[in-house]
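In: Model the structure of this input:
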Amino acid sequence: MIERFNKRIIFQKFTTILNENGFEIQEWSDYKTVWASVSNLNGREYFAAQAVQAEKTIKFTIRCNKNITESMRIIFEGNNYDIAFIDNIKYGNEFMEIKALAVI
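Out: Numbers count the residues shown, from 1 in each chain. Predicted coordinates:
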């Protein structure tokens, strides 16, 4: 499975910072860059996503990282993806499957 982790993705989280005027603003900031396996949904997953008009759903598989949450987003090939679901595959704490929706 490791040999398929050939794409770089960036996890970002929403953070509060001070701007040049001293006011707090919220913005996305890079949290972690990891290697991932990236694929489109197929079969039953694809048709389930179509039922809710989530046609731009991508599946990312990464090594397990308990600090990744649904409140984050993914940057892949210059596109933003909102995390919809995270699955600790077979509760093995080895790999995570993340389904994410393209932000249009």
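In: So which residues of this structure form strands?
Out: Along the chain, the stretches classed as strands by DSSP state E are 7-18, 24-40, 57-63, 73-76, 79-88, 95-102.
In: tell me what the last one is packed against?
Out: So that's strand 95-102. Here strand 95-102 is seen to pack against strand 57-63, strand 73-76, strand 79-88 when contacts are counted using 3 or more CB pairs under 8 Å, 6 or more residues apart in numbering; DSSP states H and E. Where C-beta positions appear, they are placed from N, C-alpha and C, glycine not excepted.
In: Could you dump those strands into a markdown table with distance to Arg4 added?
Out: Compiled in a markdown table, these are given as follows (distance: least, CB to CB, whole Å):
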| stretch | distance to Arg4 |
| --- | --- |
| strand 57-63 | 8 |
| strand 73-76 | 15 |
| strand 79-88 | 17 |
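In: thinking again about what came up before, any chance of the strands of the chain in JSON lines, plus mean neighbour count and mean pLDDT?
Out: As requested, these are arranged in JSON lines below (neighbours: other CB atoms under 10 Å; pLDDT from 0 to 100):
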{"stretch": "strand 7-18", "mean neighbour count": "14", "mean pLDDT": "95"}
{"stretch": "strand 24-40", "mean neighbour count": "13", "mean pLDDT": "94"}
{"stretch": "strand 57-63", "mean neighbour count": "19", "mean pLDDT": "93"}
{"stretch": "strand 73-76", "mean neighbour count": "19", "mean pLDDT": "97"}
{"stretch": "strand 79-88", "mean neighbour count": "15", "mean pLDDT": "95"}
{"stretch": "strand 95-102", "mean neighbour count": "19", "mean pLDDT": "94"}
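In: beta partners of the residue nearest the centre of the chain?
Out: Nearest to the mean C-alpha position of the chain, by CA atoms, centre = their mean, lies Ile74 at 4.0 Å. When assigned by DSSP bridges, Ile74 has beta-bridge partners Phe11, Tyr81.
In: which ones are touching it?
Out: By CB atoms under 8 Å, 6 or more residues apart in numbering, Ile74 lies in contact with Ile9, Ile10, Phe11, Gln12, Phe60, Asn80, Tyr81, Ile83, Ile98, Ala100.
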